[in-house]
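In: The following comprises the amino acid sequence and a computationally predicted model.
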Amino acid sequence: MKNKIPGVVISDKMDKTRIVRVDWIGHHPVYGKVVKKRTKFFAHDAANVTHVGDKVIMTESKPLSKNKKWVIVKAAK
């Protein structure tokens, strides 16, 4: 089964491509402190329906370009 991860669109300046920020929360391996981490993913949006601030769910796909390996499945405004 392909991974599905939620995120927030932070850029919609490219055609059919969105930059999605995903926030991760984990524990530091040595000190045990809760650590927040952010990752940016390039995601394919074929219909150009999402905009900055939209919450989306992405799924893995075959590589669509050098950086794009995710596809936006569902958008919730």
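Out: Received the coordinates, thanks.

In: in the protein, which spans are strands?
Out: In the chain, the strands defined using DSSP state E lie at 4-14, 17-27, 34-44, 55-60, 68-76.

In: Excluding chain neighbours, what is closest to the residue most central in space within the chain?
Out: For the chain, the residue sitting closest to the mean C-alpha position, by Cα atoms, centre = their mean, is Val20 at 3.7 Å. Once flanking residues are discounted, Val20 sits nearest to Gly7: 3.9 Å by Cβ to Cβ, 6 or more residues apart in numbering. To be clear about C-beta, it is placed using only N, CA and C from the backbone, and glycine gets the same treatment.

In: Name whatever forms a beta bridge with the one you found.
Out: Here Gly7 sits in beta bridges with Val56, as judged by DSSP bridges.

In: What residues does it make contact with?
Out: Neighbouring residues of Gly7 by Cβ atoms under 8 Å, 6 or more residues apart in numbering: 20-23, 41, 43, 55-58.

In: swap the cut-off to 7 Å and go again
Out: Residues in contact with Gly7 (Cβ atoms under 7 Å, 6 or more residues apart in numbering) are 20-22, 41, 56, 58.

In: Could you list the low-pLDDT ranges of the chain?
Out: 1, 77 (pLDDT under 70).

In: Spatially nearest residue to Ile19 (excluding sequence neighbours)?
Out: With Cβ to Cβ, 6+ apart, the residue lying closest to Ile19 is Ser11, at 4.0 Å.
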